[in-house]
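> After the sequence you'll find the predicted model.
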Amino acid sequence: MAEVVIVENPAAAGALVAAEIVRLIQHRPDAVLGLATGSTPLPVYEALHSRLAGTDVSQVRGFALDEYVGIDPAHPESYRSVITREVVEPLGLDPALIRTPNGATDGIEHAGDDYEAAIEAAGGVDLQILGIGTDGHIGFNEPGSSFASRTRVKTLTEQTRKDNARFFDSIDDVPMHCITQGLGTILRARHLVLLAFGEGKAQAVAQAVEGPVSAMLPGSAIQLHEHVTVVVDEAAASQLQLADYYRYTFDNKPAWQGL
């Protein structure tokens, strides 16, 4: 069972997860982080900005979950740009050590395998930050994705393109394809930290944590991992049947265990 931590608000979640990441980096200066984009992980990155002060991050490595195919890496909405803007620059990380999947159309047929090889060469991801969609997707692994899937090119659904159109001039500018870490890739990380905030995520969280393991809800793949921490606010926890149990176990957890 995943460890579920229920906090008051996203800021509290960010502080909690940031403290764990700092502890990891202090223990392993060349730690490998799995970096998610979107609004959900922002409280973590914001908390890290102050908590990492005085900590040597020159060796920290990172791998983004996904990237659009065919987008210019310099485009403000490429995930390379987003990671640079929201993570690399504020935290003072070395840009050369932070990777995103290569979405260039030239060589796209082997870009997934190349990314898998890079993650393996780095020794694997130590801590993977995840969000979850209202339909249970993680990364760009939409419902129906294989739990054994590796980094690969996926066709974005019309709903996903509509959801992301707000970041572009029009829906016609939203790329049709993406390259994303697969569920199998994500499950190879040593520690998964899934964050979710707001009532709109409550059903997906409950199904991912307490429901059946199903490809129709990609987030339920976390139940197959040995070290998962789910950090949610009260609203996102509102449909969890064992919420009181999760609160009790976390309140009585030995401090030395961390997350």
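All right, it came through fine.

> and the helix or strand containing residue 231, what other elements does it pack with?
Assigned by DSSP states H and E, residue 231 belongs to strand 228-233. Helices and strands touching strand 228-233, by 3 or more Cβ pairs under 8 Å, 6 or more residues apart in numbering; DSSP states H and E, are strand 3-7, helix 10-27, strand 192-196, helix 202-210. C-beta: built from backbone N, CA, C; applies to glycine.

> Tell me the confidence at the residue nearest to residue 150 when sequence neighbours are not counted?
In this structure, residue 150 finds its nearest non-sequential neighbour in residue 182, 4.4 Å apart by Cβ to Cβ, 6 or more residues apart in numbering. Turning to residue 182, the model gives it a pLDDT of 97.

> and residue 182, how far is that from residue 218?
In this view, residue 182 and residue 218 are 10 Å apart by Cβ to Cβ, to the nearest Å.

> Between these two, which has more neighbouring residues?
Between residue 182 and residue 218, residue 218 has the larger neighbour count (other Cβ atoms under 10 Å), namely 29 against 24.

> Look up the closest residue to that one, ignoring the ones flanking it.
Among residues not flanking residue 218 along the chain, residue 141 sits closest, at 4.5 Å (Cβ to Cβ, 6+ apart).

> Surely that neighbour touches residue 220?
No: using Cβ atoms under 8 Å, residue 141 is not in contact with residue 220; the gap is 11.3 Å.

> mind checking the backbone torsions on the residue nearest to residue 218?
Main-chain dihedrals, residue 141, degrees, to the nearest 10: phi -90, psi 100.

> Show me what it is bridged to.
Listed by DSSP bridges, the beta-bridge partners for residue 141 are residue 138.

> mind listing what the residue nearest the centre of the chain touches?
In the chain, the residue lying closest to the centroid (Cα atoms, centre = their mean) is residue 130, at 2.5 Å. Applying Cβ atoms under 8 Å, 6 or more residues apart in numbering to residue 130 gives the contacts 34, 36, 65, 138-139, 186, 192-195, 222.

> got a winner among those for most neighbours?
For the contacts of residue 130, the largest neighbour count, defined by other Cβ under 10 Å, is 30 neighbours, found at residue 195.

> hang on, it packs against residue 13?
Yes: shown here, residue 195 and residue 13 form a contact pair, counting by Cβ under 8 Å, at 5.9 Å.

> residues near residue 46, how many?
Look at residue 46: counted by other Cβ under 10 Å, it has 17 neighbours.

> Just the pLDDT at it, thanks.
97.

> re earlier: adjacent strands (with direction) for the strand holding residue 231?
When sheet partners are counted by DSSP bridges, strand 228-233 sits next to strand 3-7 (parallel), strand 192-196 (parallel).

> Would you mind putting those strands into a markdown table with mean pLDDT and distance to residue 243 alongside?
What follows is the strands paired with strand 228-233, written out as a markdown table (pLDDT from 0 to 100; distance: least, Cβ to Cβ, whole Å):
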| stretch | mean pLDDT | distance to residue 243 |
| --- | --- | --- |
| strand 3-7 | 97 | 6 |
| strand 192-196 | 98 | 13 |
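
> among those, which is nearest residue 154?
When those are compared by Cβ to Cβ, strand 192-196 sits nearest residue 154, at 20.0 Å.

> and stretch 248-259, average pLDDT?
Stretch 248-259 shows a mean pLDDT of 89.
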